[in-house]
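**Student:** After the sequence you'll find the predicted model.
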Amino acid sequence: MCGIWAIFGSNEDVHKYCESACKIAHRGPDAFCLENVNHLANCLFGFHRLAIVDDVFGMQPMRLKAYPHIWMMYNGEIYNFKKLREQYKFDFTSNCDGEVLIHLYAHGGIDFMAKMLDGVFAFCLLDTQTKKVFIGRDTIGIRPMFRLYLEDDGILAICSEAKGIVGLSNTHDCANIEPFPPAHYEEYDLLMNGKAMFVSRHKFHLYDETPKWALETQTPKPEVDEHLANIRLLLTEAVRKRFMANRRIGCFLSGGLDSSLVSALVAKLATEEGVSYPIQTFSIGMKGSPDVAAARKVAAHIGSEHHEIGFTPEEGIEAVEDVIYSLESYDITTIRASVGMYLVSKYVKKETDTVVVLSGEGADELCQGYIYFHMSPSAEDADKESRRLLDDLYLYDVLRGDRTTSAFGLEIRVPFLDHHFVSNFLSIPAKLRTPRHGVEKYILRKAFDGSGLLPEEILWRPKEAFSDGVSSTEKSWYQVLQEFIETKVTDGMFEDAPKMYPFNPPKSKEAYYYRQIFERFYPNRSSWIPYFWMPKWVNTDDPSARTLKHYKESDVESSSKINA
């Protein structure tokens, strides 16, 4: 996890931008660089480094003696850089995974480069020979990037988080700052006067198609119609490749299916790979949390060095403002779920030397894990909804994972959103991916049934939303929040909400409370969130799974089996 910042076409003095670039310093606590470009005075790069791979030669913007005209800056991890180096006989000058971007671009151009990257990334590449700038983002949008483009002024700016370009000169038009779309790259020309001019935008990948790099490099090949075996093979490989690090690796472990599978695979592969330290796992919850009890059982089963972090309702409420500032979002369920993740990340940073954390994000969207999928009218409707969730994931759960960890200089890795795994899973017939026998993510559970990887009661444990699982079954975290907010937002204040906030008007006092805080930090930027995340096919005005009929009828409210 790093922080990237750049501006092109501005005539302002370099020093004026230092404060803006430093607003994302939390993303890269190990080193900082602010560098302008030789002979191009109105181009400026800012980089905050979190040193994960090659501590000595990984600083950016990166340049190579063989290609002095290429300036490259990126945030992410390229898992297949060694395979590409060997396949194309690239002459590397470092052990940094990002160096492969320069070699690929020099070898085959920007489209070839983007399609051959197995990893997660947001990049900015300047070619001073052709006077072109390219910016791009990975297929799912795991690594963030915001873009500001002022056509009339010829200014292009990018940043890992919007806070780094909010407030730049000439940014009065709030519509100009937007999240960069996943799976795309854009091309800009630098004109003779140094101004940036948009040329084109291209989509280089589809997440439901086998990626080009998987077809043209040595990767595990799934077998036709061997769905369960392919799930095991590709998820295991997705975890294995994410061991690429020179810093300590750990896992977020909620005790739910997704994080438990990832943690169990990490523990198993760590032994096989000869990792020299015990894998640390981290769970968080308030008193009576079913997640904490389940995570404890998983940790004992896989033999991890387990850390349990508790927090009180007061501590959670106190963190809300900082969470909203970090998230750059006012979405209700995103904020609820982020508080626990923010607090556990804070603990990991302060109390341990773990820097890279693997987590289970993305499985619910891909594998139809949300409770409301039980109410889907058909397998085709469920498939359509799953793809919609994946399309927008970078605005919700992926955003949550990135911002809550990067706030404390940690790097999150999410194996369930590995492109090869995602494309193969979506190739399974739709009817086999729906909930079956009253159990969501049935096919995923079945793939690991009998493997001994997890205790059976964890493998088949019903779904808990993270924002619910961290709290007691007697009083959910969302109820704690709503009771507090009731004392802060009057009926009169709430009645004026549609006038104050015509776009995505708050439908509850909780939504109003979050929106007030968001607008204080990021006034008139509500378009960053297109809608409030809500379950489909159900009659509810709250995103919590605990409000749904299926949840109340399931055995998830009884933790006796987990605590046994």
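**Tutor:** Nice, thanks for sending it over.
**Student:** Can you give me the buried ones in stretch 126-135?
**Tutor:** Under the neighbour-count criterion of 16 or more other Cβ atoms under 10 Å, stretch 126-135 has 126-128, 132-135 buried. Every residue, glycine included, has its C-beta placed from N, CA and C.
**Student:** Now the two most distant members of these.
**Tutor:** Taking Cβ to Cβ, the two most distant members of the buried residues of stretch 126-135 are 128 and 135; they sit 15.8 Å apart.
**Student:** rewinding a little: JSON lines please, covering the buried residues of stretch 126-135 and showing pLDDT and distance to residue 186.
**Tutor:** Formatted as JSON lines, the buried residues of stretch 126-135 follow (pLDDT from 0 to 100; distance: Cβ to Cβ, whole Å):
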{"residue": "126", "pLDDT": "98", "distance to residue 186": "13"}
{"residue": "127", "pLDDT": "97", "distance to residue 186": "14"}
{"residue": "128", "pLDDT": "96", "distance to residue 186": "18"}
{"residue": "132", "pLDDT": "98", "distance to residue 186": "11"}
{"residue": "133", "pLDDT": "98", "distance to residue 186": "8"}
{"residue": "134", "pLDDT": "98", "distance to residue 186": "7"}
{"residue": "135", "pLDDT": "98", "distance to residue 186": "5"}
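**Student:** Format those as CSV; extra columns: distance to residue 141 and secondary structure.
**Tutor:** Formatted as CSV, those follow (distance: Cβ to Cβ, whole Å; DSSP: H, G, I helix; E, B strand; the rest coil):
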residue, distance to residue 141, secondary structure
126, 22, strand
127, 24, strand
128, 29, coil
132, 23, strand
133, 20, strand
134, 17, strand
135, 13, strand
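**Student:** and the residue nearest in space to the middle of the chain, what is it in contact with?
**Tutor:** With distances taken as Cα atoms, centre = their mean, the residue of the chain nearest its centroid is residue 398 (3.1 Å). For residue 398, the contact set (Cβ atoms under 8 Å, 6 or more residues apart in numbering) comprises 140-142, 361-362, 414, 417.
**Student:** In which helix or strand does it reside?
**Tutor:** helix 397-406 (DSSP states H and E).
**Student:** would you put the C-alpha positions of that helix in CSV?
**Tutor:** Output of helix 397-406 as CSV, limited to C-alpha atoms (Å, rounded to 0.1, in the frame of the first residue of the first chain):
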residue,chain,number,x,y,z
ASP,A,397,-16.5,-2.9,0.5
VAL,A,398,-13.3,-2.6,-1.4
LEU,A,399,-13.2,1.1,-0.4
ARG,A,400,-13.8,0.2,3.2
GLY,A,401,-10.9,-2.3,3.2
ASP,A,402,-8.5,0.0,1.6
ARG,A,403,-9.2,3.2,3.7
THR,A,404,-9.4,1.6,7.1
THR,A,405,-6.1,-0.2,6.7
SER,A,406,-4.2,2.5,4.8
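**Student:** Please shift the residue numbers so they start at 25 in all later answers.
**Tutor:** In the new numbering, first residue 25, that becomes helix 421-430.
**Student:** my guess is residue 201 contacts residue 188, does it?
**Tutor:** No. Under the criterion of Cβ atoms under 8 Å, residue 201 is not in contact with residue 188, lying 10.3 Å apart.
**Student:** ok now the biggest strand by length in the chain, how far from the chain's centre?
**Tutor:** Ranked by residue count and defined by DSSP state E, the top strand of the chain is strand 91-102. Distance, stretch centre to chain centre, for strand 91-102: 21 Å (Cα atoms, centre = their mean, to the nearest Å).
**Student:** again with stretch 503-514
**Tutor:** Centre-to-centre, stretch 503-514 and its host chain are 29 Å apart (Cα atoms, centre = their mean).
**Student:** Tell me the buried residues in that stretch?
**Tutor:** Using 16+ other Cβ under 10 Å as the test for burial, stretch 503-514 gives 503-505, 508-509, 513.
**Student:** Am I right that residue 416 is in a helix?
**Tutor:** Yes. According to DSSP: H, G, I helix; E, B strand; the rest coil, residue 416 belongs to a helix.
**Student:** quick one: average pLDDT of whichever helix in the chain runs longest?
**Tutor:** Longest helix in the chain, counting residues (DSSP state H): helix 356-375. Averaged across helix 356-375, pLDDT comes to 97.
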